[in-house]
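# Need a 3D model of the sequence below.
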Amino acid sequence: MMMKHYYSLLLTIASLCCVNLSYSRVLPHKAVASSPQHASKHIEIVTYEKADLCISYLYHVDKRAKRLVYKIYCDDGSDITDLGSYKRSSKSLRIYEIYNASADSYLYVIYDVSTDKGYLTRTSSMEATLLKSSINLSEPSLSVKMRGTNRVVKIKLKRVF
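Numbers count the residues shown, from 1 in each chain. Reported below is the predicted structural model:
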């Protein structure tokens with residue numbers, strides 16, 4: 001009889017653990033710096049999903065710290081997306097798009113892998129497509145093309161790490 005209760009308790013605990021794990025999801029994305037001095041530094045996207053809550057985080061991680069760059073609630077379809085790598089002369093860039101569904105707008109994070117610096121657009125853009133070739137980290141700025149038109153808008157970048 002005692003053994004039956006023990007197994008029942010064990011199954012209950014195991015099912016509770018599984019329920020908690022199924023509600024939390026962590027995206028394993030990392031963009032790792034390529035130079036030896038920045039080898040342990042990277043960008044990480046983490047998304048936690050529970051039954052009534054979804055939050056995505058964009059972190060800059062190095063040996064000493066994990067710094068929050070951006071946080072967005074994703075219950076409404078908002079999302080942080082890795083748009084991939086982009087090579088520009090000697091620079092290797094990683095581009096992240098932050099979509100805010102409630103405002104129907106986009107922010108961009110540009111991560112310079114070679115220098116381990118990160119930039120965030122100061123304003124959000126609506127109905128626009130990022131022009132990767134326009135990224136200029138010496139100003140710093142980038143341009144977006146408005147969808148459905150030929151209009152190009154320049155957006156300032158703010159250094160965030």
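# in its sheet, what does whichever strand or helix holds Leu68 sit against?
The secondary structure element spanning Leu68 is strand 66-73 (assigned by DSSP states H and E). Listed by DSSP bridges, the sheet partners of strand 66-73 and their directions read strand 53-61 (antiparallel).
# how about the strand it pairs with: buried residues?
Of all the residues in strand 53-61, those buried under the rule 16 or more other C-beta atoms under 10 Å are 54, 56-60. C-beta: built from backbone N, CA, C; applies to glycine.
# remind me which residues of this protein are low pLDDT?
Under the criterion pLDDT under 70, the flagged ranges of the chain are 1-39.
# So which residues of it form helices?
Along the chain, counting by DSSP state H, helices occupy 2-23.
# Closest one to Lys41 out of the buried residues of strand 53-61, please.
Top of the list for closeness to Lys41, among the buried residues of strand 53-61 and by C-beta to C-beta, is His60 at 7.4 Å.
# Correct me if wrong: the closest one contacts Ile45.
No. Using C-beta atoms under 8 Å as the test, His60 is too far from Ile45 to be in contact (11.3 Å).
# Break down the protein into its strands, ranges please.
Per DSSP state E, the chain carries strands over the ranges 29-32, 42-50, 53-61, 66-73, 79-88, 91-100, 105-112, 117-121, 128-136, 141-146, 152-159.
# Residues in contact with the strand holding Leu68: which ones?
Residues outside strand 66-73 that contact it (C-beta atoms under 8 Å, 6 or more residues apart in numbering) are 43-44, 53-61, 78-80, 98, 100, 107, 109, 118, 120, 160-161.
# Kindly report the same for stretch 77-92.
The contact list for stretch 77-92 (C-beta under 8 Å, 6+ apart) reads 29, 31, 34, 45, 47, 56-58, 70, 72, 93-102, 112-115, 130, 132-133, 135, 137.
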